[in-house]
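> Requesting a structural model of the entry that follows:
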Amino acid sequence: MTAVLRLFWNICLLRDGPETVPTHTWFLSALIVAHLTISVFSFRFAYPTLSPLLALNWVFIGLAVTAGMAWFVLYLRNQEPRFPATLGAIVGTKAIIVGTNVLIGALTSLTWGTLTGTPRLGIGWVLTIWGLVVVGFILHRALSTRLWVGIVLSAVTWLTGVVVAQSVLGPAMSASLEAVR
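Okay, here's the model as predicted:
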């Protein structure tokens with residue numbers, strides 16, 4: 001287990017690329033389940049009134065958009081065989097970064113009570129930007145292209161995921177999050 005965590009942590013630190021990720025079906029399936037679980041837990045931690053099913057749908061839509069965009073850009077570059085390793089690297093590193101967000105949220109809650117407002121927003125943006133850079137790095141390595149191209153693709157993928165999820169789940173999310181305010 002520590003070898004797997006170390007593998008994805010090294011990718012998060014931009015030391016290793018997606019080519020080091022195992023491509024076994026069971027491994028990729030386990031990564032997807034771990035990512036979905038950690039992300040839904042993160043949503044529930046940040047927004048306690050959000051239903052687990054709504055959080056799962058949001059995360060699943062984001063994952064589907066990410067997988068679709070990754071496959072499409074790999075297809076355009078005739079690199080489809082790299083898809084399992086690329087998706088595994090993206091999903092594994094997202095699980096690490098979202099897990100870091102949950103850990104920071106839990107530690108700050110224990111230390112200072114509920115952290116809200118600007119500090120919480122700042123931590124969220126730092127981790128979001130880190131996630132975009134990491135996914136951009138993974139795409140850069142998988143596509144054999146420049147780093148900035150990977151980061152732009154990462155940002156476009158993230159924005160597309162947010163737009164699709166908001167259009168599909170928008171009214172339900174708004175109603176659920178209104179209860180927080």
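
> Okay, now the unreliable bits of this structure?
Along the chain, segments meeting pLDDT under 70 span 109-121, 175-181.

> if we go to 80?
1, 45-49, 105-124, 170-181 (pLDDT under 80).

> longest helix anywhere in it?
As assigned by DSSP state H, the longest helix anywhere in the chain is helix 147-178.

> Pull up the gap between the nearest residue to R77 once chain neighbours are set aside and V133, please.
Take R77 and drop its neighbours on the chain: the residue closest to it by CB to CB, 6 or more residues apart in numbering is L143, 5.2 Å away. Bear in mind the C-beta positions are built from the backbone N, C-alpha and C, glycine included. Relative to V133, L143 is positioned 15 Å away (CB to CB, to the nearest Å).

> Which parts of this protein are strands?
Here the chain has no strands by DSSP state E.

> Tell me the spacing between the residue nearest in space to the middle of the chain and A46.
Ranked by distance to the mean C-alpha position of the chain (CA atoms, centre = their mean), the top residue is K94 at 3.5 Å. Distance, K94 to A46, by CB to CB: 16 Å.

> cool, and I97?
I97 is 14 Å from A46, where distance means CB to CB.

> Neighbour count for those two, which is higher?
I97 (20 against 15; other CB atoms under 10 Å).

> isn't that one right next to I129, touching?
No. I97 is beyond contact range of I129, at 10.4 Å (criterion: CB atoms under 8 Å).

> My read is that the residue nearest to the centre of the chain contacts L132, right?
No. K94 lies out of contact with L132 (CB under 8 Å); the separation is 10.6 Å.

> other SSEs contacting the longest helix of the chain?
helix 52-76, helix 117-143 (3 or more CB pairs under 8 Å, 6 or more residues apart in numbering; DSSP states H and E).

> Show me which residues of that helix are buried.
Residues of helix 147-178 classed as buried by neighbour count (16 or more other CB atoms under 10 Å): G150, I151, L153, S154, T157, W158, G161, A165, L169, M173, S176.

> now it against helix 52-76, angle please.
Computed with axes from the mean of the first three to the mean of the last three CA atoms, to 10 degrees, the direction of helix 147-178 lies at 160 degrees from that of helix 52-76.

> about what we covered before: what sits against the residue nearest to R77?
Neighbouring residues of L143 by CB atoms under 8 Å, 6 or more residues apart in numbering: V73, L74, R77, Q79, V149, G150, L153.

> please redo it, this time with the cut-off set to 7 Å
Counting by CB atoms under 7 Å, 6 or more residues apart in numbering, L143 touches V73, L74, R77, Q79, G150.

> any idea how far the third one is from L127?
Going back to what we said before, that points to R77. R77 is 29 Å from L127, by CB to CB.

> same check, this time on the second one
L74 sits at a distance of 26 Å from L127 (criterion: CB to CB).
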